[in-house]
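[1] Below: sequence and its predicted model.
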Amino acid sequence: MPDVPAAASPARRAYAMSLLLLAGGGVLLLVAYGLTWATADVPLIDGAADTMRTQQFSGRDLVPAAAMSGWIALAAVAGIVATRSWGRRIVGLLALVAGLVGATAGIAFAVAPGRFVDGAGVSGQALVQVGLGWLLAVIAGLAVAGAAALTVLRGRQWPAMGVRYERRPATARVTSDWDALDLGQDPTDDLVE
């Protein structure tokens with residue numbers, strides 16, 4: 001393995017940390033939106049308050065658009081690895097928005113859970129219990145947003161996917177290829193490593 005210059009080490013660490021936070025945060029967002037966020041007593045028949053059944057609502061049921069933020073964060077991992085410069089910034093901005101949407105939806109639910117349950121198409125219910133799935137969504141969304149912000153700010157300094165495989169000549173040629181052939185040298189020797 002080639003020696004890594006000391007200046008490149010912090011950039012590589014930030015790169016790896018950002019990718020790990022994005023991947024971990026994306027997975028946690030998917031898990032969080034799959035968990036039960038609220039449990040409500042729902043009448044079996046409209047208008048009949050005496051016969052109730054318990055219904056559970058996941059984050060995906062309550063905020064379907066925000067539930068996609070986990071998939072966007074996971075896609076951003078591949079996007080950051082595959083892009084450079086401005087492309088990496090754009091991917092970082094998209095991941096930042098996804099992380100903020102995932103976290104904000106969790107906070108909005110915590111502030112007014114009844115409104116979200118009412119919006120899920122259930123009317124006349126009494127909210128029984130609020131789960132902690134929304135809290136995991138907030139934490140995961142903030143992790144994704146932090147990693148994405150780091151990508152936007154520092155991503156241009158990080159290594160790119162194909163850079164280590166690009167050919168770099170060891171030294172500039174002193175003689176032309178034709179002159180090297182005349183001298184009995186193979187001009188392609190420095191291309192094979």
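    Yep, it's here.

[2] what's the weakest-modelled helix or strand in this protein?
    Using mean pLDDT, DSSP states H and E, strand 126-130 stands out as the lowest-scoring helix or strand of the chain, at a mean of 67.

[3] Just after it, pick out the following helix or strand.
    Once the chain leaves strand 126-130, the next helix or strand it forms, by DSSP states H and E, is helix 133-154.

[4] Give me the buried stretch members for that next one, please.
    Under the neighbour-count criterion of 16 or more other C-beta atoms under 10 Å, helix 133-154 has 133-152, 154 buried. From N, CA and C alone the C-beta is placed, and that goes for glycine too.

[5] Which strands or helices does that helix pack on?
    helix 8-34, strand 36-43, helix 59-62, helix 69-82, helix 85-111 (3 or more C-beta pairs under 8 Å, 6 or more residues apart in numbering; DSSP states H and E).

[6] Any stretches of this structure with poor pLDDT?
    Applying pLDDT under 70 to the chain flags residues 1-8, 46-50, 120-128, 161-174, 190-193.

[7] Excluding chain neighbours, what is closest to the spatially most central residue of it?
    Taking C-alpha atoms, centre = their mean, the centroid of the chain lies closest to residue 73, which sits 2.1 Å from it. Nearest non-adjacent residue to residue 73, counting by C-beta to C-beta, 6 or more residues apart in numbering: residue 26, 3.2 Å away.

[8] Now for that neighbour, how many residues are close by?
    Residue 26 is flanked by 27 other residues according to other C-beta atoms under 10 Å.

[9] what's the answer for the one 5 residues further on, then?
    For residue 31, the number of neighbouring residues by other C-beta under 10 Å comes to 15.

[10] So it versus residue 104, what's the distance?
    Counting by C-beta to C-beta, to the nearest Å, the separation of residue 31 from residue 104 is 18 Å.

[11] got it, and residue 133?
    Using C-beta to C-beta, residue 133 is found at 15 Å from residue 104.

[12] Repeat that for residue 68.
    Distance from residue 68 to residue 104, counting by C-beta to C-beta: 14 Å.

[13] now the helices and strands packed on helix 133-154 in JSON lines, with distance to residue 177?
    As requested, these are exported to JSON lines (distance: least, C-beta to C-beta, whole Å):
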{"stretch": "helix 8-34", "distance to residue 177": "33"}
{"stretch": "strand 36-43", "distance to residue 177": "69"}
{"stretch": "helix 59-62", "distance to residue 177": "63"}
{"stretch": "helix 69-82", "distance to residue 177": "35"}
{"stretch": "helix 85-111", "distance to residue 177": "33"}
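
[14] which of those sits most buried?
    For the helices and strands packed on helix 133-154, average neighbour numbers computed from mean count of other C-beta atoms under 10 Å are highest in helix 59-62, which has a mean of 23.
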